[in-house]
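Peer 1: need a structure here:
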Amino acid sequence: MKPTAKRAHTVARDLLSLTRSGEADRLATALVSIATSTRREPALDDVVGRLVDTFSLAAKDRRRSLRIGEPFTLRLRDHAGMTVRPDRLDPGVAAIVRAIAASVRDDRDTCADQIGQACENADLNQRIRVLAHCVVWTADLLGTDTTAYPPVLSCLKVSQPGNSP
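Peer 2: Got it, this is the predicted structure:
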């Protein structure tokens, strides 16, 4: 494993640990630090990529263990439990949904393109939203009942009708 990949793996693992332990202040500080990082390794897209990979591997393991042969499905919900269409999400968060789906299909090029769209040239708020969603979704999937399928992803913010995402 290259030093950058190893560091991204460590950072992603630490973010998941902070999420599971409920250390909200330390998690918030870490999210902002990673999202604002410009020269330090690892880059935001490396950490997001590691979280997407972790999510994807867990979802594939779950499908395999449950012997599910149908196409991979994600269910998106808002904070009230209502179904959300990906086109109603922040563009960066929608790109991460597409990256997860591509990763599960083993489409590495599309996955990398979507992670790039989510992370590159984004403002700080979008970068934090992307990272926060990745952390929460991955922690939720790893912490749920292993027979729960398909994964249900809770979206932290959904565009309101009439507003642009």
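Peer 1: Spit out the contact partners of the residue most central in space within the chain.
Peer 2: In the chain, the residue lying closest to the centroid (Cα atoms, centre = their mean) is Cys134, at 2.1 Å. Contacts for Cys134 (Cβ atoms under 8 Å, 6 or more residues apart in numbering) come out as Val47, Val48, Leu51, Val52, Phe55, Ile96. Heads up, the C-betas are built off the backbone N, CA and C, glycines and all.
Peer 1: Quick check: the second one touching Gln114?
Peer 2: Going back to what we said before, that points to Val48. No - using Cβ atoms under 8 Å as the test, Val48 is too far from Gln114 to be in contact (9.8 Å).
Peer 1: Quick check: pLDDT value at Pro86.
Peer 2: For Pro86, the model assigns a pLDDT of 85.
Peer 1: quick one: low-confidence parts of this protein?
Peer 2: Along the chain, segments meeting pLDDT under 70 span 1-3, 38-41, 157-165.
Peer 1: shared neighbours of Val48 and Gln114, which are they?
Peer 2: Ile96, Ala99.
Peer 1: Okay, buried residues for the longest helix anywhere in the chain please.
Peer 2: For the chain, the longest helix by residue count, based on DSSP state H, is helix 44-66. Within helix 44-66, the residues scored as buried using 16 or more other Cβ atoms under 10 Å are 44-56, 58-59, 62-63.
Peer 1: Check stretch 77-89 too.
Peer 2: Buried residues in stretch 77-89, defined by neighbour count with 16+ other Cβ under 10 Å: Val84, Pro86, Arg88, Leu89.
Peer 1: now do the same end-to-end measure for that stretch.
Peer 2: One end of stretch 77-89 sits 11 Å from the other (Cα to Cα, to the nearest Å).
Peer 1: next one: it to chain centre, how far?
Peer 2: Centroid separation between stretch 77-89 and its chain, computed with Cα atoms, centre = their mean, to the nearest Å, is 15 Å.
Peer 1: Make sure Arg127 is actually in contact with Ala35.
Peer 2: Yes - taking contacts as Cβ under 8 Å, Arg127 lies within contact range of Ala35: 4.0 Å.
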